[in-house]
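> based on what follows, work out the 3D shape:
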Amino acid sequence: RDLLTPRAKAELRRAAVLVGLDQYVDQIRDLLRPGTLVLESGLGAEEERARTAVAEARKGQAVALIGSGDAGVYAMASPALAEASDDIDVVGVPGVTAALAASAILGAPLGHDHVSISLSDLHTPWEVIERRVRAAAEADIVVTFYNPRSRGRDWQLPKALTILAEHREPTTPVGVVRNASRPDESSRLTTLAALDPAWVDMMTVVTVGNTATRDIAGRMVTPRGYRWQASQAGQAAQEVAK
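Below is the predicted model:
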């Protein structure tokens, strides 16, 4: 709750209609004005929720369409904007996406260039996902995997890690965070070689470091630039020379 932005709270209070996934509605129901019309639905109905929100807005209602984290990251902003035409006034409210919440728990793994990749092939062909993972691996970019593993999709994460291992050392730090900033949060810092996919589910994000990422006092840290790494190596060489 403390990561919900003041702007988001204000928009919730302003709304006459709330549209959202039932489990997310339950988390913010107490913030709504009395009499707010709540239209909730279950998993897998994203397009339906977007259409409902736009239809209510066309009636002249102030509508809040909610999601978890940031609405623009693997969430409801895309289907809503695809449904809405220029007769609908849309206000985007930024939030804290899972990659950022997990990063704060792990340390500072996103200190340099980074990318988020969803491993769910329900809407994106695996060939496309694999091409993106390979590009990130070759470019030495820190990667955060969303939707990494479910009961019906248990091979994608091992495959993605194998691709990254072709370009990174087995000791590369990897952070695993489940339910970031929620009451049952858990996290662990491991390595690319030691990561057990069984630790991971759909409530988890997995962040894999680049070749400069280090485990420093139990925290996952990616320096802001490679010159830091070079200066460290240079200092070590001078110490040896002495």
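> who are the contact partners of Leu18?
Leu12, Val25, Leu32, Thr36, Leu37, Val38, Leu39, Val63, Ala64, Ile66 (C-beta atoms under 8 Å, 6 or more residues apart in numbering). In short, each C-beta sits where N, CA and C put it, glycine included.
> er, Leu119 actually
Per C-beta under 8 Å, 6+ apart, neighbours of Leu119: Ile129, Phe145, Tyr146, Asn147, Pro148, Arg149, Arg153, Gln156, Leu157, Ala160.
> can I get the host helix or strand of Arg7 in CSV, CA atoms only?
Assigned by DSSP states H and E, Arg7 belongs to helix 6-14. Listed next in CSV are the C-alpha coordinates belonging to helix 6-14 (Å, rounded to 0.1, in the frame of the first residue of the first chain):
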residue,chain,number,x,y,z
PRO,A,6,-0.6,9.9,-4.2
ARG,A,7,-1.7,10.5,-7.8
ALA,A,8,-3.2,7.0,-8.0
LYS,A,9,-5.1,7.5,-4.7
ALA,A,10,-6.5,10.8,-6.0
GLU,A,11,-7.7,9.3,-9.2
LEU,A,12,-9.4,6.4,-7.3
ARG,A,13,-11.2,8.9,-5.1
ARG,A,14,-12.3,10.9,-8.2
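> which helices and strands does it pack with?
The helices and strands touching helix 6-14, judged by 3 or more C-beta pairs under 8 Å, 6 or more residues apart in numbering; DSSP states H and E, are strand 63-65.
> ok, residues contacting the helix or strand following the strand it packs on?
Of the helices and strands lying after strand 63-65 in sequence (DSSP H and E), the nearest is helix 77-83. For helix 77-83, the external contacting residues (C-beta under 8 Å, 6+ apart) are 46-47, 49-51, 53-54, 65, 67, 71-72, 90, 92.
> in helix 77-83, what counts as buried?
Using 16 or more other C-beta atoms under 10 Å as the test for burial, helix 77-83 gives Ala77, Pro79, Ala80, Glu83.
> between these, which sits nearest Ile117?
Nearest to Ile117 out of those is Ala77 (C-beta to C-beta; 18.5 Å).
> against Asn210, how distant is the closest one?
Ala77 is 29 Å from Asn210, where distance means C-beta to C-beta, to the nearest Å.
> over to Ala16?
Counting by C-beta to C-beta, the gap from Ala16 to Asn210 is 47 Å.
> please identify which of these two sits among more neighbours.
Asn210 (25 against 16; other C-beta atoms under 10 Å).
> which strand or helix spans that one?
Here Asn210 is assigned to no helix or strand, by DSSP H and E.
> which ones are touching it?
Contacts of Asn210 by C-beta under 8 Å, 6+ apart are His112, Asp113, Asp140, Ile141, Val142, Arg168, Thr172, Thr222.
> sorry, back to before: would you list the contacts of Leu119 in a markdown table and tack on secondary structure?
Below are these laid out as a markdown table (DSSP: H, G, I helix; E, B strand; the rest coil):
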| residue | secondary structure |
| --- | --- |
| Ile129 | helix |
| Phe145 | strand |
| Tyr146 | strand |
| Asn147 | coil |
| Pro148 | coil |
| Arg149 | coil |
| Arg153 | strand |
| Gln156 | helix |
| Leu157 | helix |
| Ala160 | helix |
